[in-house]
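Asks: Need coordinates for the below:
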Amino acid sequence: MAEMGPGPAARDWVPGWTALRGLSGADLPREAAAGLSIAAVAIPVGLAYAALAGVPPAIGLYASIFPMVAYAFFGPSRYLVVGPDTATCLLVGSILTTLGLHAIGERSAAAAGLALVAGVGFGIAAIGRLGFIASLLSRPILVGYLVGVALTLLVSQIPSFTGVDIHSHGLVRPIVEILRRSSEVHVLTLALGLGLFVALRTLHVVTPRLPGPAIVVAAAILLSWIFDLRSRGLAVIGAIPSGLPLPQLPPLNARLVELGLPALGLLLVTFSSGILTARSFGEKLGVHNDANLELRGFAAANVVAGLFQGFAVTGADSRTAVNLASGGRTPVAAISAALTIALVVTVLTAPLTLLPQAALGAVLASAALGLIDLTALRRLWRLDRYEFAFAMVAMGGVIWVGVLQGVFLAIAATLAHLLQLAARPRHTLLGWTDTGRGLVSLEHHPSARPPPGGVIFLFESSLLFVNASYFGLSARQALDATPDARWFILDAMSIPYADSTALQTLIELRTALEARGVRLILTGAHGRFRQAIERSGLAASLGQANIFPDAHAALRVVAPDFAGRA
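Replies: Numbers count the residues shown, from 1 in each chain. Down below sits the predicted model:
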């Protein structure tokens, strides 16, 4: 009998099918239980993130149902759970506001359109195998960006905690405004919000395995029902439509062009955050993550989010952590979670209408604290002050320029850092020590001595147009510091490639050395760099007598006494 289900090619694109077929009946109870735990966190988080994006609460639940199922089938990671994310939702809300959308209906439609456009972008990137785009936001930049998002998110929750509508923008002005209008603060709202926040942080520290947001939200609904908090002036989320939406294309129309650039920024942040989550949990499980395959999963999840009136989603760290802690290891856990949330949306929306806005503020404020990675910032400060500075640029961009603009500022900072590294790569002169360690850097080993009669110059980068002049200048300065040099060894072991501009610089360097009576010797040339010097004619003009496999082989010819010690 022929095997039922997708063929081999289809299974490559629907890896969840293989995982489901390999599931044994004994695993189902464990996976279903993990799904219930995921849903317990996903429901309150979905409601909170919908408020963060400025769309109706139901949309946060829709974004927690359908994308989760889509990723379960099309995503490569068996343990990763997708859903709304703090940085992503804050970015979505910022984009919608930047587009001048304030009516709830317009914001909801545009949020779905953003998800759909971003999902199509993910699909194109997957076909083109553009997984490297995750590197456009380096780890230091992403750390700084998330700190900026966290501080912005904390300040944005002032209305939820105080009941005061804040009109100021930025980081400091809203705080100044609430201090000036302190007499307007609704004391009961503040007390409830702070109490729930403290409870949530306490649960996070004392019992991190328990679904803290679900417990806090359930407690808030119970308090709201018992004490009729709405009649006491506390804002609640209100009616949530029951039932599930039917798939439909968002009414993009003329907004399609407007959404293009914001969707690109959303794609970059969503993918960078998602792949970081996938890899961090994958390292704990000893699983390798393929960024190109993750693009497929995120494409399916976001396209489905757009079609089912949701908003953009990515790898959800809190829900993935709950999944792993509950023993979930297959797509069944995510599918079980989605079915649970769908059940709540269909028949149990009435209790959610009593949920105070202050509870959602507490959930978001707690999530914001989780984005501030002080350990990573301290590590950056200790290891590389330049990377720490770039993290601060990304953070400042989010705070002072805006979340969407901060994305592109962070990318620009990353590219500027890459350009700086490419234009000014590390180089050093080599010498020898009495410890018998071989050739070492004279810069890092003060006791090392340079070779008599010449220079050993190590350049640790590809030779490109951006650093060609810097290479030539550095080589000449090294030679000027050794006026009695008769030979100049260029150790090319760390030069994988040279472009035409750099090859011309090498030819000019050889001419300049010949004019000074200095012999140019090339060692360690390999791979594409070796091919480049051969095609350019430089290898032929130097001759085999001046090309050696490594610096030691060259030293045995030009400085045999030194070679014996090095």
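
Asks: all strands of the protein, in order?
Replies: For the chain, applying DSSP state E gives strands covering 82-83, 314-315, 427-432, 439-441, 454-459, 487-491, 519-523, 547-548.

Asks: Residues contacting stretch 238-247, please?
Replies: 56-58, 61-62, 65, 307-309, 342, 345-347, 349, 352-353 (CB atoms under 8 Å, 6 or more residues apart in numbering). Where you see a C-beta, it was placed from the backbone N, CA and C, and this is true even at glycine.

Asks: For those, I'd like a selection string for ChimeraX - just the buried members, please.
Replies: ChimeraX command restricting the contacts of stretch 238-247 to the buried ones, with burial defined by 16 or more other CB atoms under 10 Å:
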select :56,57,58,61,62,65,307,308,309,342,345,349,352
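
Asks: Low-confidence regions, this protein specifically.
Replies: Across the chain, the ranges flagged by pLDDT under 70 are 1-13, 16, 18-24, 253-256, 435-437, 563-566.

Asks: biggest helix in it by residues?
Replies: helix 255-285 (DSSP state H).

Asks: Look up how far A126 lies from A300.
Replies: Per CB to CB, to the nearest Å, A300 is found 9 Å from A126.

Asks: Do a quick rundown of the helices in the stretch 301-450 of the chain.
Replies: 317-325, 331-347, 357-371, 374-383, 385-396, 403-423 (DSSP state H, counting those that start in this stretch).

Asks: what's the first one packed up against?
Replies: Judged by 3 or more CB pairs under 8 Å, 6 or more residues apart in numbering; DSSP states H and E, the packing partners of helix 317-325 are helix 28-53, helix 255-285, helix 331-347.

Asks: What residues of the first one count as buried?
Replies: What it means is helix 28-53. For helix 28-53, the neighbour count (16+ other CB under 10 Å) marks 30-32, 34-35, 37-53 as buried.

Asks: what does stretch 409-425 rub up against?
Replies: Outside stretch 409-425, the residues touching it (CB under 8 Å, 6+ apart) are 136-138, 141-142, 144-145, 268, 386-387, 390, 393-394, 397-398, 401, 459-461, 464, 466-467, 470.

Asks: how about it as PDB, C-alpha atoms only?
Replies: Extracted in PDB, the C-alpha atoms of stretch 409-425 (Å, rounded to 0.1, in the frame of the first residue of the first chain):
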ATOM      1  CA  LEU A 409      19.900  53.100  13.300                       C
ATOM      2  CA  ALA A 410      20.900  49.800  15.000                       C
ATOM      3  CA  ILE A 411      21.500  48.300  11.500                       C
ATOM      4  CA  ALA A 412      23.500  51.300  10.500                       C
ATOM      5  CA  ALA A 413      25.600  51.100  13.600                       C
ATOM      6  CA  THR A 414      26.200  47.400  12.900                       C
ATOM      7  CA  LEU A 415      27.300  48.100   9.300                       C
ATOM      8  CA  ALA A 416      29.400  51.100  10.500                       C
ATOM      9  CA  HIS A 417      31.100  48.700  12.900                       C
ATOM     10  CA  LEU A 418      31.700  46.100  10.200                       C
ATOM     11  CA  LEU A 419      33.100  48.900   7.900                       C
ATOM     12  CA  GLN A 420      35.400  50.000  10.700                       C
ATOM     13  CA  LEU A 421      36.700  46.500  11.300                       C
ATOM     14  CA  ALA A 422      37.200  45.900   7.500                       C
ATOM     15  CA  ALA A 423      38.900  49.300   7.000                       C
ATOM     16  CA  ARG A 424      41.300  49.000  10.000                       C
ATOM     17  CA  PRO A 425      42.000  45.300  10.500                       C
END
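
Asks: List the buried residues of it.
Replies: For stretch 409-425, by 16+ other CB under 10 Å, it's 409-411, 413-414, 417, 425.

Asks: ok so, going back, more neighbours: A300 and A126, which one.
Replies: A300 (26 against 22; other CB atoms under 10 Å).

Asks: Next one: that one from E443, what distance?
Replies: With CB to CB as the criterion, A300 and E443 are 51 Å apart.

Asks: And S64, by the same measure?
Replies: 55 Å.

Asks: likewise S474?
Replies: 12 Å.

Asks: More neighbours: which of the two?
Replies: Remark: of S474 and E443, S474 carries more neighbours, 18 against 13, as counted by other CB under 10 Å.

Asks: show me the contacts for that one.
Replies: 427, 457, 459 are the contacts of S474 under CB under 8 Å, 6+ apart.

Asks: same deal with A481?
Replies: A481 neighbours (CB under 8 Å, 6+ apart): none.

Asks: the domain parsing of this structure - what is it?
Replies: In the domain annotation for the chain, the residue ranges read 27-162+174-207+221-238+254-417, 427-565 (automatic domain parsing).

Asks: end to end, how far does the longest one reach?
Replies: Looking back up the chat, that one is domain 27-162+174-207+221-238+254-417. Chord length of domain 27-162+174-207+221-238+254-417, first to last residue, is 48 Å (CA to CA, to the nearest Å).

Asks: Please compute how far it lies from its chain's middle.
Replies: Centre-to-centre, domain 27-162+174-207+221-238+254-417 and its host chain are 13 Å apart (CA atoms, centre = their mean, to the nearest Å).

Asks: repeat for the last one
Replies: Here the centre of mass of C-alpha atoms in domain 427-565, compared against the chain's by CA atoms, centre = their mean, lies 39 Å away.

Asks: when you give positions from now on, start the count at 45
Replies: Happy to do that; since the first residue is 45 now, the last one works out to domain 471-609.

Asks: and which of the buried residues of stretch 453-469 is nearest A365?
Replies: A454 (25.3 Å; CB to CB).

Asks: Could you find the closest non-adjacent residue to the closest one?
Replies: A438 (4.0 Å; CB to CB, 6 or more residues apart in numbering).

Asks: how much space between the one you found and T321?
Replies: Counting by CB to CB, the gap from A438 to T321 is 18 Å.

Asks: Leaving out sequence neighbours, find the closest residue to the most centrally placed residue in the chain.
Replies: Closest residue to the average C-alpha location of the chain: S316 at 2.8 Å, with CA atoms, centre = their mean. Closest residue to S316 apart from its sequence neighbours, by CB to CB, 6+ apart: L181 at 4.1 Å.

Asks: if I read this right, that neighbour contacts Y189, doesn't it?
Replies: Yes. Using CB atoms under 8 Å, L181 is in contact with Y189, at 6.9 Å.

Asks: circling back: tell me the one of the buried residues of stretch 453-469 nearest V407?
Replies: A454 (25.8 Å).

Asks: Relative to V437, how far out is the closest one?
Replies: Applying CB to CB to A454 and V437 gives a distance of 8 Å.

Asks: shared neighbours of the two, anything?
Replies: G188.

Asks: would TSV of the contacts of S518 with neighbour count be doable?
Replies: As requested, those are exported to TSV (neighbours: other CB atoms under 10 Å):
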residue	neighbour count
H471	20
F501	20
F503	21
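
Asks: Pick the one among those residues closest to P120.
Replies: Nearest to P120 among the contacts of S518, with distances taken as CB to CB, is F503, at 39.2 Å.

Asks: how about the residue lying closest to the closest one once chain neighbours are set aside, what does it touch?
Replies: Closest residue in space to F503, ignoring its immediate chain neighbours: H471 at 4.7 Å, by CB to CB, 6+ apart. Residues counted as contacts of H471 (CB under 8 Å, 6+ apart) are 501-504, 515, 518.
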